[in-house]
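Undergrad: build me a model from this:
(2 chains)
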Amino acid sequence: MKPPKDKYEIVSEMGKRRGYFWPSYEIYGGVGGFITYGPLGSALKRNLETKFRKFYLQPLAIVEIESPVIMPGTVLEASGHVENFKEPTVGCVKCQRKFRADHLLQEFGKMTDTQTEKLDLDAVMEEIQKLGIKCPDCGGDFNKAEQFMTMFTTTIGPYSDSIGYGRPEAAQGIFVEFKRIFESMRNRLPLGVAQIGQALRNEISPRQGPVRLREFTIIDIEFFLDPEDKKCLIINEVENETLRFLLAENKQKENPEITTMTIKEALTKGIIQEEWLAYFMAKAKQLLILLGVPEDKQRFIEKLDYERAHYSKQGFDQEVYLDRWGWTEVSGHNYRTDFDLARHMNASGVDLTAFKETEDGGKRFVPHVIEPSFGLDRLVYTVLEYAYNKQGKRNVLSLPRDLAPMHASVFPLVNKDGLMEKADEVYHMLADSGFVLNWDHSGSIGRRYARADEVGIPIGITVDYQTLEDNTVTLRDRTSWTQVRTKLDELPELLCNYFANKIDFNGLGTLIER
RNA sequence: GCGGUCGUAGUCUAGUCUGGUCAGGACCCCGGCUUCCCAAGCCGGGUACUCGGGUUCAAAUCCCGGCGACCGCACCA
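TA: Residues are numbered from 1 along each chain as shown, chains lettered A, B, ... in the order given. From the prediction side, this is the model:
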C-alpha cells in the first residue's frame, strides 16, 4: 500500500500541471534548491507582494529600496556574516563522515559555545587531537578541519582577490545605505526601510521544494528607532490581538505547551521586550490570517540564546503548520539593536548616527533596529497549501480573491448562435478595464468551471442566451458555486469593488436559483 | 556530505524480479461535433522509458557512473 498523498505532493503536482511552480533546469536534470514560478505562480507571488506592501508597509509609511545582490567581501565581513556563515567541519579518514567540529568539542570537550567560536581551524584541530576525539561512528581519526561556507562566493571584476558574496539577506543592503536613506527621508525617526529581493544561501542539502531554496525572495524590514524612545504609539491598535507562543522555557519539554496571550499581556509580562517587536508580530499574525492560515495553525516560537542569529538580542520565529514538514518558519522577528550600524560604522569609518536635540544641546546616537523578515516563497507555498481543497472529485484552489493570479474567466455557455462572439466582446471590455482574464471555450461549461476552480480563479462570467437579449451575464462564485446575474455595463465597477474587498459575491448582482 | 529507496508522456502510473511478443492504462491537453450551467458523449490528435557508458543477437528491464527526487543522519547562521 502506498501512503496517501500529502498536500505537498498534491500541490506540487498541481503546480507543475497548471503552471504555479516547478524545479528549475529540469531539461538538464534539475538542480536542487531552485524553483521556477510559472505563469500563474509568478502572478500569485506578485499579488502577494502587493498585498504585503498594502498591509504591512504602507500603513507605517515604510519605504522600500532596491540594492544589489552581489556584495563585496568587506560588507559581509563587517556585518559578521563571513565569520558566522560558515561552520568548521572535520571528516573521518575511515568512514568519510563529516562532523561539525564545534559540536564535537562541545560534546566531548565540554567546551561552551563561546569558547569554540573563538577557535580558528588550526586551534580546532589541535583541540580535537589534544582531547583524542575519534569519529563517534567508527572510531577513526579525523583529517584536517575545513570550513563550509554557506554563502555563495564569487569574484568581482577581473581580480580574483576581489571577493564578492551573494547576499544571504537583504538587510545588509539597507544598513550599508542607511546614511543616504536616512538623509533622503529627512533624518527622522522612527524610520522603516524595507527591501524585497533575492537572497542566496548555499544550503548543504536543500530538499523540501519551495520552503528551502538556495535562491529565494526575502522581505527584510529594518525599523530604525531612537533607543531612548522606543515606544510604539500605535500599539493600542493591536494590543488585544492574541498570539500563540511556544516559550523558550517550554521548548525542551516533551509536549511543548502553547501559551496564548494578548500582545498587552506579553508586553506586561516581559515576554516580548519591545513594543515595536510586538506590533510587527501582531501584524504578521493578521497577515497570515488574511492569507488563509487559521489561528491555530500559527504560532510564535521564542528563540533560545544559542539559536539566535549573531545579531539578535531577542527573537521570535513565526511558524505555520504545513502538512508535510510540520511547523515551518515563515517569518522571523528580531531585535537587532545597533549591532549592524555599529559594525558598519566601525569598519567603514563613516558616521551612521542620528542626531537629536536635548536639554543640553544635542547628542548623536546609533539608531536601534527592530527587524521583521519574511520568506516570500514560503508564504507563496503556504497560501497554495491552505487554499487547496477538494470538492467531490475536483481540486479547488480557494485563493484569497486579491491574490488570485487571474480575476475571472469568461465563457460562452455554448459555442454557437453568436455566444462566442459576444463572450469575446465581454472579454475585451473587461480586459480594457484592467482585469486579468481566462478565456476558455473548450469542452463543456462544467469542464470550464472545473478547470478554472483548480487554477483558483474566483469568478466565472458566463455569456448565455439572455446576454444577447438584455446585456446581462451570469457570475459564478468559485467557492460556493452560487450564481448572480449582473448588467454588463455595471460589471467593471462591481468587480473592482469586489477585488478591493469592498463588497462580497452576493453584492455583485441578483441571485439566480437553478 | 553519508546511508536507504527511487527515476516510464503535462500528471499519476502498469511493466523491471524472470531481457525479446512492451512500451499499456487513467487523468490531462489540443482541434472538431454536440451541449441552455458544474470534469456528460462522439470523432480526431498529442507526448514518455532521467542522462552517459557497458554486457548481449536483443536492454525500460542486467552492470557501472553522473544528475535529480524522497526518507533518515547531519545542516538550516
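Undergrad: what pLDDT, on average, does stretch A:192-200 get?
TA: The average pLDDT within stretch A:192-200 is 95.
Undergrad: buried sites along it?
TA: Going by neighbour count (16 or more other C-beta atoms under 10 Å), the buried part of stretch A:192-200 is A:192-197, A:199-200. In short, each C-beta sits where N, CA and C put it, glycine included.
Undergrad: which of these lies closest to RNA strand B?
TA: residue A:199 (7.3 Å; C-beta to the nearest atom of the strand).
Undergrad: now do the SS call for that closest one.
TA: Here residue A:199 is recorded as strand under DSSP: H, G, I helix; E, B strand; the rest coil.
Undergrad: who's in contact with it?
TA: Listed by C-beta atoms under 8 Å, 6 or more residues apart in numbering, the contact partners of residue A:199 are A:69, A:166-170, A:215-218.
Undergrad: quick one: which of those is nearest to residue A:469?
TA: Checking these against residue A:469 with C-beta to C-beta, the nearest one is residue A:217 at 49.2 Å.
Undergrad: ok, and the closest non-adjacent residue to that closest one?
TA: Distance criterion C-beta to C-beta, 6 or more residues apart in numbering; nearest residue to residue A:217, sequence neighbours excluded, is residue A:376 at 4.0 Å.
Undergrad: quick one on the thing from earlier: could you dump the buried residues of stretch A:192-200 to JSON lines with distance to residue A:31?
TA: Formatted as JSON lines, the buried residues of stretch A:192-200 follow (distance: C-beta to C-beta, whole Å):
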{"residue": "A:192", "distance to residue A:31": "36"}
{"residue": "A:193", "distance to residue A:31": "33"}
{"residue": "A:194", "distance to residue A:31": "30"}
{"residue": "A:195", "distance to residue A:31": "26"}
{"residue": "A:196", "distance to residue A:31": "24"}
{"residue": "A:197", "distance to residue A:31": "21"}
{"residue": "A:199", "distance to residue A:31": "17"}
{"residue": "A:200", "distance to residue A:31": "13"}
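Undergrad: farthest-apart pair in the residues you listed, please.
TA: Farthest pair in the buried residues of stretch A:192-200 (C-beta to C-beta) is A:192 and A:200. Separation: 24.6 Å.
Undergrad: phi, psi of the residue in the stretch 301-450 of chain A that RNA strand B sits nearest to?
TA: When scored by C-beta to the nearest atom of the strand, the stretch 301-450 of chain A has residue A:446 as its residue closest to RNA strand B, at 2.5 Å. The phi/psi pair for residue A:446 (degrees, to the nearest 10) reads phi -60, psi -40.
Undergrad: cool, and residue A:499?
TA: phi -80, psi -20.
Undergrad: residue A:461: helix or strand, and which one exactly?
TA: strand A:459-463 (DSSP states H and E).
Undergrad: er, residue A:244 I mean
TA: Taking DSSP H and E as the definition, one finds residue A:244 inside strand A:242-246.
Undergrad: residue contacts, residue A:171?
TA: Listed by C-beta under 8 Å, 6+ apart, the contact partners of residue A:171 are A:195, A:220, A:222, A:340, A:371, A:373.
Undergrad: which of those residues has the most neighbours?
TA: When neighbours are taken as other C-beta atoms under 10 Å, the top entry among those is residue A:222 (28 neighbours).
Undergrad: hang on, it in a strand?
TA: Yes: the assignment for residue A:222 is a strand, going by three-state DSSP.
Undergrad: tell me the pLDDT at it?
TA: Note for residue A:222: predicted pLDDT of 97.
Undergrad: correct me if wrong: it contacts residue A:176.
TA: No: Residue A:222 lies out of contact with residue A:176 (C-beta atoms under 8 Å); the separation is 11.1 Å.
Undergrad: select the longest helix from chain A.
TA: Counting residues, the longest helix in chain A under DSSP state H turns out to be helix A:275-290.
Undergrad: does anything pack onto the helix or strand encompassing residue A:355? Which helices or strands?
TA: Using DSSP H and E, residue A:355 falls within strand A:354-356. Strand A:354-356 sits against strand A:363-365, with contacts defined as 3 or more C-beta pairs under 8 Å, 6 or more residues apart in numbering; DSSP states H and E.
Undergrad: hmm, who's touching the strand it packs on?
TA: By C-beta under 8 Å, 6+ apart, the residues outside strand A:363-365 that reach it are A:226-228, A:351, A:353-356.
Undergrad: please apply the same query to stretch A:77-84.
TA: Contacts for stretch A:77-84 (C-beta under 8 Å, 6+ apart): A:73, A:76, A:151, A:165, A:168, A:172, A:175, A:309-311, A:339-340, A:343-344, A:346-348.
Undergrad: which among these end up buried?
TA: A:73, A:76, A:151, A:165, A:168, A:172, A:175, A:309, A:311, A:339-340, A:343-344.
Undergrad: related to what we said a few turns ago, now for the residue of the stretch 301-450 of chain A closest to RNA strand B, how many residues are close by?
TA: Using other C-beta under 10 Å, residue A:446 is surrounded by 8 other residues.
Undergrad: for residue A:292, which residues are in contact?
TA: Counted by C-beta under 8 Å, 6+ apart, residue A:292 has contacts A:382-383, A:386-387, A:398-400.
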